[in-house]
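Visitor: sequence unknown, structure follows:
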């Protein structure tokens, strides 16, 4: 546990600038002189800030964006020294060609680590893509977000198979990934990914910000966290979903936020939700529960049996 | 087992009117004076009628609709007494804050129970949404159906996170659920959900009815039930699907309906399928089989280990 | 293992013509006098040729198509002798009505066997659908492919439930399968399936061929195989995906193709990938690994426990 009121400007981030205004945390990628490539401390900074704001009750919405004057939102991995930017220093000692699958899986891709940090953040997450994007800038820096706003003029490319490598992350966009395509946001292969497509670069963040403010004001932090979890970790069957849903509905229906939802509706006014994750999510939140573990695999253990 | 020829008007339903005409069962939500909220006996009536018609060989298609003059198709949970309409009386005695996950999951949400009854019904199911819909009227009363016909003017809303509660059911529409959105049927976030969007309220049911009659006449009751099951309960891999598909194809290919399919095709005439579930689905139907259980969890057991 | 340089014209195929030109293998369905029905040796020929080219390093892209003057791309199962064309001769001895589920699942549908052969082929697969398609011509001969190009005038039909049988394969197109629909490629229910819709029959193959040549020239055979596998066999959780992705990224990032991807990018030239599956995919490729088996079920074992 960290303190509940972190100072985002005092975290020593070198590749991002994170600013909390009201309940909205804005993270700006700060590597314009390197074309906003995925390099330097960007991986560590992002992994850290998403873990930090997950536990900060003040934060209701997180927006990741770039300067709209930067060369790109994120132009992909910094490959000036080859692909090895993509694996962290602590990588394994095990031999590359060991036959025992239970030990050879040891490297932890940094794009994947950031994807997990974003997906595990229980707040609303928004990507405001106000520039071109390629590679990991299309996958880890877009796919894990709840909402994506994009500049209509952005060039979006998935060059992996044209660079002899595989994409991290998981996407059903076989066409895009196998063809190594570059498309516009209005392409039929990708348009559904975006909540809105914005004509100018400079308007992307303001539109995303206005959307964020409305959600921050009128939704319950606890209800958002449970809803995200139900969507991200569905059961294996309708019956299993029913058990989880049922518990969550009763728990929240009996909570202060659930009551405020009823009262504000009856009084025809906007709600004022005061529930917070640190106050109201315990002791029942199955995706956090030590006894439960929700099929979560310890990805840090170098001898993890997959 | 109930009798195979139930009288739908003699079941004592108070919140619905169920009428069998030929092979089509029409269920009309009958709570216009309560804005067709999800309340009263609606949950119990719907759970009962979908289980009943599942076993009634006369029924080939089930349509759920409302009076097109009602205030709404379904305006969501009746929250005049708070959220507790959503949990049934038999809810658990276990402490809310027990730490042992294996016993705390005990409440059974009524929206989820109805979703399961509809999904487990092996007949073709159609929702004819001829009015506005909100909350559980968007989830349990729409998502489990095979086909949905909707009035173009319907306001469709997912207010859950704005009421401090979570949605039951499972949907991939993260945008709709996390934003607590209200949209029109032609919204890009929802239009794919609908088989057809109909300009006027009064035409929604007739269009759905004509579609139902064509299907009831020209499809095999047994083939529909197997196809629904293969779609709803896919295996974990292409190999597992192949095993299930193979068995179903051979079983039906050797059946009376399979032969009639061949004969009618060769004779260039419409088929007359006589197979019924009570006659032809046994003894092999893996999703029903006691030895098999198809990962079905006993949701009634209060100590179910999830 | 077969020889690595098979002669496709010497395999004795009776229902297809397979021709290797450069790195593109074109397979033409050769049953025009039977309306290109799924019959004769078509199932065995297709299963064989997809297994053969999977192991042939020369092949980078496989295209399945028909003569554009044929009556159809594939008009469905040849049912002149009933449905039994769909099950192979080696089908089981076990009684049809045995209650023990572990032994009754024994038949192996031939459409499903071909679907698996196509999905398990690690090369880029393209279906160039230059004529009408029905039944198994819509499922096994289209759904398992990575890319599909279709003639705008094609009639596409899913008649299964209208013939008293179930579809093999797995598709989320409930509407199409349960309604037994016939649609055009621009139908909202199916258009997303197609990479491109081509106005004339004769242009379908040339367009698919040009697409194939570009991909064959500029993508890495090994990167394609890993990417396909990651997409087809995702883990059960984001953590499991992360472990697989990480290993693949490091492995390919350190490979000759990974280095060529970097070098060509830096030198602003097109890449020349020399990596091949027989040379570079071993010893680590979890979906092939005997110790791993990737939840693969032995579908040939007649007593397989499902």
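Guide: Nice, I can see it. Everything numeric here is computed off the predicted structure, so don't read it as measured data.
Visitor: So which residues of chain A form strands?
Guide: Taking DSSP state E as the test, the strands found in chain A are A:16-21, A:24-29, A:61-66, A:124-129, A:133-134, A:147-151, A:156-157, A:182-183, A:196-198.
Visitor: Pipe those strands into TSV and attach distance to residue C:136 per row.
Guide: C-beta coordinates here come from the backbone N, C-alpha and C atoms, glycine included. Listed next are the strands of chain A as TSV, based on distance: least, C-beta to C-beta, whole Å:
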stretch	distance to residue C:136
strand A:16-21	53
strand A:24-29	50
strand A:61-66	46
strand A:124-129	42
strand A:133-134	40
strand A:147-151	38
strand A:156-157	36
strand A:182-183	32
strand A:196-198	39
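Visitor: Mean pLDDT lowest where, among those?
Guide: The weakest mean pLDDT among these belongs to strand A:182-183, with a mean of 84.
Visitor: Can you give the distance of that one from its chain's centre?
Guide: 22 Å (C-alpha atoms, centre = their mean, to the nearest Å).
Visitor: ditto for stretch A:214-230
Guide: Computed by C-alpha atoms, centre = their mean, the chain-centroid distance of stretch A:214-230 equals 15 Å.
Visitor: How about stretch A:199-218?
Guide: Chain-centre distance of stretch A:199-218: 17 Å, with C-alpha atoms, centre = their mean.
Visitor: try stretch A:118-137
Guide: With C-alpha atoms, centre = their mean as the basis, stretch A:118-137 stands 6 Å off its chain's centre.
Visitor: Does it reach chain C?
Guide: Yes - counting by C-beta under 8 Å from any C-beta of the partner chain, chain C is contacted by stretch A:118-137 at residue A:119.
Visitor: which phi and psi does the closest residue to residue A:266 other than its chain neighbours have?
Guide: The spatial neighbour of residue A:266 that comes closest, neighbours along the chain excluded (C-beta to C-beta, 6 or more residues apart in numbering or on different chains), is residue B:79 at 7.8 Å. For residue B:79, the backbone dihedrals (degrees, to the nearest 10) come out as phi -110, psi 20.
Visitor: hang on, isn't residue A:273 packed against residue A:259?
Guide: No - Residue A:273 sits out of contact with residue A:259 when judged by C-beta atoms under 8 Å, with a separation of 10.3 Å.
Visitor: ok, back up a step: pLDDT wise, what is the residue nearest to residue A:266 at?
Guide: We have a pLDDT of 78 for residue B:79.
Visitor: same check, this time on residue A:273
Guide: pLDDT, residue A:273: 93.
Visitor: got the contact list for it?
Guide: A:219-223, A:257, A:260-261, B:164 (C-beta atoms under 8 Å, 6 or more residues apart in numbering or on different chains).
Visitor: So which of these belong to helices?
Guide: Residues from the contacts of residue A:273 lying in helices, with DSSP state H as the criterion: A:221-223, A:257, A:260-261.
Visitor: Format these as JSON lines; extra columns: distance to residue A:160 and pLDDT.
Guide: Converted to JSON lines, the ones in helices among the contacts of residue A:273 look like this (distance: C-beta to C-beta, whole Å; pLDDT from 0 to 100):
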{"residue": "A:221", "distance to residue A:160": "37", "pLDDT": "91"}
{"residue": "A:222", "distance to residue A:160": "38", "pLDDT": "89"}
{"residue": "A:223", "distance to residue A:160": "37", "pLDDT": "89"}
{"residue": "A:257", "distance to residue A:160": "43", "pLDDT": "91"}
{"residue": "A:260", "distance to residue A:160": "47", "pLDDT": "92"}
{"residue": "A:261", "distance to residue A:160": "44", "pLDDT": "89"}
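Visitor: Any stretches of the stretch 51-200 of chain A with poor pLDDT?
Guide: Low-confidence segments of the stretch 51-200 of chain A, defined by pLDDT under 70: A:83-107, A:166-174.
Visitor: from the ones in helices among the contacts of residue A:273, which are also near chain C?
Guide: Contacts with chain C are made by none of those, judged by C-beta under 8 Å from any C-beta.
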